[in-house]
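> From the sequence below, what's the structure:
(3 chains)
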Amino acid sequence: MTVAEAVRGARGSTVDSDGTGAAVRHEELRATVVDWFEGAARDLPWRAADRTPYGVLVSEVMLQQTPVVRVEPAWHAWMEQWPTPADLAAAPTAEVLRAWGRLGYPRRALRLQECARAVVERHGGVVPGTEEELRALPGIGEYTAAAVVAFAFGRRSVVVDTNVRRVLARTVGGVALPAPSYTAAERAQATAVAPESDADAARWAAASMELGALVCTARAPRCGACPVADLCAWRRAGYPPDAHADRRRTQAWTGTDRQARGRVMAHLRQADAPVDRAVLATSWPDAAQLDRAIAGLVEDGLAEQDEAGRLHLPLA
DNA sequence: AACACGGGGCC
DNA sequence: GGCCCAGTGTT
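Sure thing, here's the model as predicted:
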């Protein structure tokens, strides 16, 4: 008998302290999703038995807004080149930015190296295991701190990423999608659903994320393959449509300052010597926009100018 | 609370 | 061509 079956069998006798049935539903939801995860979990390298907290941390930072399929090869190369925080801390920043490649949001790479340097300086090169210490590191926010605590250390935390938000919005909230930005109410809901024990909380975190990534997807949810379809509030309500569809704005891309920044970074990554602004101008037609991009990159520490005004990636 | 911040793949 | 992705830091 699986855990979920045991829970379902015991449902009639389960104490329902608040009279709403919420405790029972949470328990059944968790147990069913965790059971499903046992057989459905992807075999990702940062989940391997020989994983390190540093490897988990690197994967989490790379996964901030970048899909798994694009992170996996970059993660392998990164871990081979810099297996420990001390290795990353000692690397030339230009190499770090080149290894980051086209993962996007290169400031994350900068912060990841700053993070490694902080780990060396503050924690003797050992990734800390509490949310408070992790949150104090560059590039580590609420989500990543919770994820490292759960996935690297197996301790309780409330891990809420875009997948978990969607799973809870649907199964518990009964709506198609969560609000455009993360709300305090969602945090409270996620906290209420999270199991008490370290091991159960860590399993639920991984399993609920995986359900959102593989089944309860944003675009075309595979409800026919969902282990919790029969207790999903959204399904029970008849799949009402997204109520904030009008408030979701799509990010412009073509012709934007962001694209100009990306173009300059791509040029600097492949250059083996400082690049003159006139050369960069051949790859971006709008001079004012190019100047803004360059100024922004220098401001962010992603590029530097030599005495002749040529651009290059930060050396150290 | 609202913005800025990459890039690629899929419908 | 719009939408989405294991978010964070700043204003």
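> Break chain A into its domains for me.
As recorded under automatic domain parsing, the domains making up chain A are A:3-40+A:158-247, A:45-153, A:257-312.
> Most tightly packed of those domains?
domain A:45-153 (a mean of 18; mean count of other Cβ atoms under 10 Å). In this view, the C-beta of every residue, glycine as well, is placed from N, C-alpha and C.
> roughly how far is it from the heart of the chain?
How far domain A:45-153 lies from its chain's middle: 11 Å, per Cα atoms, centre = their mean, to the nearest Å.
> swap in stretch A:209-224?
On Cα atoms, centre = their mean, the centre of stretch A:209-224 falls 17 Å from the chain's centre.
> same question for it, mean pLDDT?
When pLDDT is averaged along stretch A:209-224, the result is 97.
> Likewise for stretch A:280-298?
94.
> Can you confirm whether it lies near DNA strand B?
Yes - judged by Cβ under 7 Å from any atom of the strand, stretch A:280-298 and DNA strand B are in contact via A:Gly296.
> now the end-to-end length of stretch A:237-255.
42 Å (Cα to Cα, to the nearest Å).
> Can you tell me what sits against it?
With contact meaning Cβ atoms under 8 Å, 6 or more residues apart in numbering, stretch A:237-255 is reached by A:174-177, A:179-180, A:234, A:258-259.
> Quick one: residues contacting the residue lying closest to A:Ala229 once chain neighbours are set aside.
Closest residue to A:Ala229 apart from its sequence neighbours, by Cβ to Cβ, 6 or more residues apart in numbering: A:Cys223 at 5.1 Å. Each residue near A:Cys223 by Cβ under 8 Å, 6+ apart is listed here: A:215, A:229, A:232, A:235.
> And A:Ala190, by the same measure?
With Cβ under 8 Å, 6+ apart, A:Ala190 has these contacts: A:158, A:160, A:164, A:168.
> give me the element the third one is part of.
This points to A:Val164. helix A:162-171 (DSSP states H and E).
> Run through the neighbouring helices and strands of that helix.
Packing partners of helix A:162-171 (3 or more Cβ pairs under 8 Å, 6 or more residues apart in numbering; DSSP states H and E): helix A:184-193, helix A:198-214, helix A:233-236.
> Now do that helix and helix A:184-193, the angle between them.
Per axes from the mean of the first three to the mean of the last three Cα atoms, to 10 degrees, the angle that helix A:162-171 makes with helix A:184-193 is 80 degrees.
> any bit of helix A:162-171 sitting next to DNA strand B?
No - figure legend: helix A:162-171 not in contact with DNA strand B (Cβ under 7 Å from any atom of the strand); closest approach 11.3 Å.
> Please export the alpha-carbon coordinates of that helix; CSV is fine.
Provided in CSV are the C-alpha atoms of helix A:162-171 (Å, rounded to 0.1, in the frame of the first residue of the first chain):
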residue,chain,number,x,y,z
THR,A,162,6.5,29.4,-10.5
ASN,A,163,5.6,25.7,-10.7
VAL,A,164,4.5,25.4,-7.1
ARG,A,165,2.6,28.6,-7.4
ARG,A,166,0.6,27.2,-10.3
VAL,A,167,0.1,23.8,-8.7
LEU,A,168,-1.3,25.4,-5.5
ALA,A,169,-3.4,28.0,-7.5
ARG,A,170,-5.1,25.1,-9.3
THR,A,171,-5.3,22.3,-6.8
